[in-house]
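J.: Next input, structure requested:
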Amino acid sequence: MVAEEYLSRSRLFRHLKSGPHGQLVELYAVRLVKDGLAHHGTWRCLNLAGGLLSWIARSRSKLADLDEGMVERYLRHRARRQSIQPGDRAALKRWLSVLREDGAIAPLVLPPLTPHEQIFKEFDAYLRSERGLAPRSIVRHLPVIRRFLHEVCSGDAGELCKISQEDVIRYIERHAQDWSPRTGKAMCWSLRAFLRHLHHRGLNARPLADCVPSMRGWKLATLPTYLSAAQVRKALDGCDRETVMGRRDYAILLLLAKLGLRADEVATLTLDDIDWRASEILVRAKGRQRARMPIPPDVGAAIVAYLRNGRPKSSCRRLFVRTLAPHVGFASGCAITMIAKVALDRVGIEGCAHRGAHIFRHSLATELLRSGATLSEIGQLLRHESHDTTRIYAKVDIDALRTLSLPWPGGVQ
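T.: I've put the predicted structure just below:
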């Protein structure tokens, strides 16, 4: 039962609507219907809002004084009698949003930025304007800088000028082996970008980016992890297409397996990106590229099945939305990665070094190579900027590589 049907016969809703804040409760109900909440979620939201209004009245406070701090005090009071559910804070945050839109309470006042937050904000702007990075790429670099400043420069922006070459080198020596070599290289990249930013802004007179060492790593040193065609088919067949979630996940996995899309590319697809007449889909690829790709018949049929019998009613233009309310698009490609991981776990596919969305992309490239496709054709399909990126798949064709091997000097192997 959706929110609209529940509200039509809810005694709780009628009771709250007849109270002193009935108009605000009605606006809240409209928001719950818009967000597509189900029966239990609607009841829980109304119960929380009603409890909060009663608590405000008993404590002789005013509704106009309501803010996030007062909500936290109410939740602590409520926790003495019953457990706080994971969605309770989100429900009350939605309630505050409705009150602010109506002007019943004061607008949200953001706390002043801390010195480090101000530095992050300026570095974020630098990466966007000077380096042209996408927001999801910038987010990956901020944890490195946050940790670096915490250890090396705990003061305000005025302390940045004191960072020395020795500070940078000691930091890298401490953390170079904390993660994999690839993550270590990413750490050094983040530090170089940040130290260039400091020098560019005049916050540090030394060109410290030059003292960040290059971590050793060899291209093409590893084999890409991939699934066999039978394993890919098994993962696809594991989706229960009798359910809403199963139809959505099946369409997502087909886009990964048949078109080789990245997780972020699937997450950002919109309804407007599909040209049904031309059977094409617009993909927003890495590096702000845009590519039009043909839609295979089975992929198109899966998307249609999801749109007709799976996608919840939503004003969101994203192609794939959450099955639970609010029905909005995924925040990032991490959700797509989790869907792929769950699909592999569901059918018992194990022994893969990497378990996520990208393994389907590797599997597509490997299968195309074994079917006779050239590396150039594979690179074009996967939208690689460099041929070097595609070359790694040459190593998975073991039979072709055997013809290039030299005889074993000690005789027959």
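J.: that's a strand at V109, yeah?
T.: No - counting by DSSP: H, G, I helix; E, B strand; the rest coil, V109 is not part of a strand but coil.
J.: what's the neighbour count on it?
T.: Counted with other CB atoms under 10 Å, residues neighbouring V109 total 8. Every C-beta, even on glycine, is put in place using the N, C-alpha and C of the backbone.
J.: for the one 10 residues further on, same thing?
T.: As a burial measure, I119 scores 23 neighbours (other CB under 10 Å).
J.: could you dump stretch 84-103 to CSV, C-alpha only?
T.: The C-alpha trace of stretch 84-103 is given here as CSV (Å, rounded to 0.1, in the frame of the first residue of the first chain):
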residue,chain,number,x,y,z
ILE,A,84,15.5,4.5,17.3
GLN,A,85,15.1,3.0,13.8
PRO,A,86,17.7,3.7,11.0
GLY,A,87,15.3,5.9,9.0
ASP,A,88,14.1,8.0,11.9
ARG,A,89,16.6,10.8,11.4
ALA,A,90,15.8,10.9,7.7
ALA,A,91,12.1,11.2,8.4
LEU,A,92,12.6,14.1,10.8
LYS,A,93,15.0,15.7,8.4
ARG,A,94,12.2,15.5,5.8
TRP,A,95,9.8,17.1,8.3
LEU,A,96,12.3,20.0,8.9
SER,A,97,12.6,20.5,5.1
VAL,A,98,8.8,20.8,4.8
LEU,A,99,8.6,23.3,7.7
ARG,A,100,11.4,25.4,6.2
GLU,A,101,9.7,25.5,2.8
ASP,A,102,6.6,26.8,4.4
GLY,A,103,8.5,29.3,6.5
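J.: Now do that stretch: distance to the chain's middle.
T.: 23 Å (CA atoms, centre = their mean, to the nearest Å).
J.: what's the average pLDDT for that stretch?
T.: Mean pLDDT, stretch 84-103: 91.
J.: Tell me which residues of that stretch come out buried.
T.: Buried residues in stretch 84-103, counted by 16 or more other CB atoms under 10 Å: G87, D88, A91, L92, R94, W95, L96, V98, L99.
J.: Repeat that for stretch 173-193.
T.: Residues of stretch 173-193 classed as buried: H175, A176, G184, K185, A186, M187, C188, S190, L191, R192, A193 (neighbour count, 16+ other CB under 10 Å).
J.: got the contact list for that stretch?
T.: If you take CB atoms under 8 Å, 6 or more residues apart in numbering as the criterion, stretch 173-193 is touched by 127, 131, 140-141, 144-145, 147-148, 151, 168, 171-172, 209, 212-217.
J.: In PDB, list the C-alpha atoms belonging to it.
T.: Extracted in PDB, the C-alpha atoms of stretch 173-193 (Å, rounded to 0.1, in the frame of the first residue of the first chain):
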ATOM      1  CA  GLU A 173      57.600   6.900   3.900                       C
ATOM      2  CA  ARG A 174      55.100   6.300   6.800                       C
ATOM      3  CA  HIS A 175      52.100   5.500   4.500                       C
ATOM      4  CA  ALA A 176      53.600   4.200   1.300                       C
ATOM      5  CA  GLN A 177      53.000   0.500   2.300                       C
ATOM      6  CA  ASP A 178      49.700   1.000   4.000                       C
ATOM      7  CA  TRP A 179      47.800  -0.100   0.900                       C
ATOM      8  CA  SER A 180      48.400  -1.600  -2.500                       C
ATOM      9  CA  PRO A 181      51.000  -0.100  -4.900                       C
ATOM     10  CA  ARG A 182      48.200   1.300  -7.000                       C
ATOM     11  CA  THR A 183      46.700   3.100  -4.000                       C
ATOM     12  CA  GLY A 184      50.100   4.300  -3.000                       C
ATOM     13  CA  LYS A 185      50.600   5.800  -6.500                       C
ATOM     14  CA  ALA A 186      47.100   7.500  -6.200                       C
ATOM     15  CA  MET A 187      48.200   9.000  -2.800                       C
ATOM     16  CA  CYS A 188      51.300  10.500  -4.400                       C
ATOM     17  CA  TRP A 189      49.200  11.900  -7.300                       C
ATOM     18  CA  SER A 190      46.900  13.600  -4.700                       C
ATOM     19  CA  LEU A 191      49.800  15.000  -2.800                       C
ATOM     20  CA  ARG A 192      51.400  16.400  -5.900                       C
ATOM     21  CA  ALA A 193      48.200  18.100  -7.000                       C
END
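J.: related to what we said a few turns ago, from the buried residues of stretch 173-193, which two are the most distant?
T.: Checked with CB to CB, these reach their widest spread between A176 and A193, with 17.5 Å between them.
J.: what residues are up against P213?
T.: When contacts are counted by CB under 8 Å, 6+ apart, P213 touches I169, I172, C188.
J.: which among the residues you listed gets closest to I359?
T.: Proximity of those to I359 (CB to CB) peaks at C188, which lies at 26.8 Å.
J.: next structured bit after the host helix or strand of E72?
T.: Secondary structure assignment for E72, by DSSP states H and E: helix 68-79. Sequence order places helix 88-102 as the next helix or strand after helix 68-79, per DSSP H and E.
J.: And the helices in the stretch 51-200 of the chain?
T.: For the stretch 51-200 of the chain, the helices defined by DSSP state H, counting those that start in this stretch occupy 68-79, 88-102, 115-129, 135-152, 165-175, 181-201.
J.: I'd like those laid out as CSV, including distance to L271.
T.: What follows is these, written out as CSV (distance: least, CB to CB, whole Å):
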stretch, distance to L271
helix 68-79, 35
helix 88-102, 25
helix 115-129, 27
helix 135-152, 21
helix 165-175, 44
helix 181-201, 34
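J.: The most centrally placed residue in the chain: what secondary structure?
T.: Among the residues of the chain, the one closest to the centroid is S332, at 2.0 Å (CA atoms, centre = their mean). Under three-state DSSP, the three-state class of S332 is coil.
J.: just checking, it touches V266?
T.: No - contact criterion CB atoms under 8 Å: S332 and V266 do not qualify, at 10.9 Å.
J.: for the protein, where's the lowest mean pLDDT among helices and strands?
T.: None of the helices or strands of the chain scores lower by mean pLDDT, DSSP states H and E than helix 398-402, at a mean of 60.
J.: Tell me the helices and strands packed up against the helix or strand that L24 is a member of.
T.: Element membership of L24, judged by DSSP H and E, is helix 22-35. Identification of packing neighbours for helix 22-35 by 3 or more CB pairs under 8 Å, 6 or more residues apart in numbering; DSSP states H and E yields helix 3-7, helix 11-17, helix 39-58, helix 88-102.
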